[in-house]
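K.L.:
sequence first, predicted model second:
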Amino acid sequence: MSDSEIRAKYLGSRSPSVECFIVEEGVRAVGFVQYHLADDGRQGGGMDLVLSPSERGRGLGTAVVEALVRFVERHLGWERLTVDPDLSNPRGVHFWRTVGFTPVRVVTDDAER
């Protein structure tokens, strides 16, 4: 991606439909999380989380997910939150199940996936 594409995608131009945050521990940036409104007009949306490989397995991802879930429930009134881990990443799929997400369906009709 070019710098302008990154700015357009992650620096607020899609707000409030998409909100992006840097995950920090102390003064170190260790990841990225975002939430986005659902396309279907229902009260909810999706989220994405990426942590640096060296930061995984220490509970930080769980804490970030729990904080974001609380935020969208309390402040946005969301009733559902969707994640879409890559099925070729069993560690990622396991993480989402561990933090309480339940598989609903496998998406095969998205040309970008």
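P.N.:
All right, it came through fine.
K.L.:
what strand or helix carries the most centrally placed residue in the chain?
P.N.:
Nearest to the geometric centre of the chain sits D48, at 1.7 Å (CA atoms, centre = their mean). According to DSSP states H and E, D48 maps onto strand 44-51.
K.L.:
quickly run through the sheet partners of the longest strand seen in the chain, with directions.
P.N.:
For the chain, the strand with the greatest residue count under DSSP state E is strand 28-37. When pairing is defined by DSSP bridges, strand 28-37 lines up against strand 18-25 (antiparallel), strand 44-51 (antiparallel).
K.L.:
which residues touch the following helix or strand past the last one?
P.N.:
Once the chain leaves strand 44-51, the next helix or strand it forms, by DSSP H and E, is helix 60-74. Helix 60-74 is contacted by residues 23, 25, 30-31, 33, 35, 44-45, 47, 49, 51, 78-79, 81, 95, 98-99 when judged by CB atoms under 8 Å, 6 or more residues apart in numbering. Where you see a C-beta, it was placed from the backbone N, CA and C, and this is true even at glycine.
K.L.:
buried subset of these?
P.N.:
Listed as buried from those are 23, 30-31, 33, 35, 44-45, 47, 49, 51, 78, 81, 95, 99; burial here means 16 or more other CB atoms under 10 Å.
K.L.:
check the residues you listed and tell me the two furthest apart.
P.N.:
Using CB to CB, the pair of the buried ones among the contacts of helix 60-74 lying farthest apart is V30 and G44, separated by 26.8 Å.
K.L.:
which residues of this structure score low on pLDDT?
P.N.:
1, 3, 6-16, 41, 110-113 (pLDDT under 70).
K.L.:
and F71, how many neighbours?
P.N.:
By other CB atoms under 10 Å, 13 other residues sit near F71.
K.L.:
cool, W96 as well?
P.N.:
Neighbour tally, W96, other CB under 10 Å: 18.
K.L.:
quick one, what contacts it?
P.N.:
V83, P85.
K.L.:
now swap in F101 and tell me
P.N.:
V83.
K.L.:
that older thread, could you dump the buried ones among the contacts of helix 60-74 to a markdown table with distance to T62?
P.N.:
Listed next are the buried ones among the contacts of helix 60-74 as a markdown table, based on distance: CB to CB, whole Å:
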| residue | distance to T62 |
| --- | --- |
| V23 | 12 |
| V30 | 14 |
| G31 | 12 |
| V33 | 12 |
| Y35 | 16 |
| G44 | 21 |
| G45 | 20 |
| M47 | 13 |
| L49 | 10 |
| L51 | 11 |
| W78 | 19 |
| L81 | 15 |
| F95 | 8 |
| V99 | 5 |
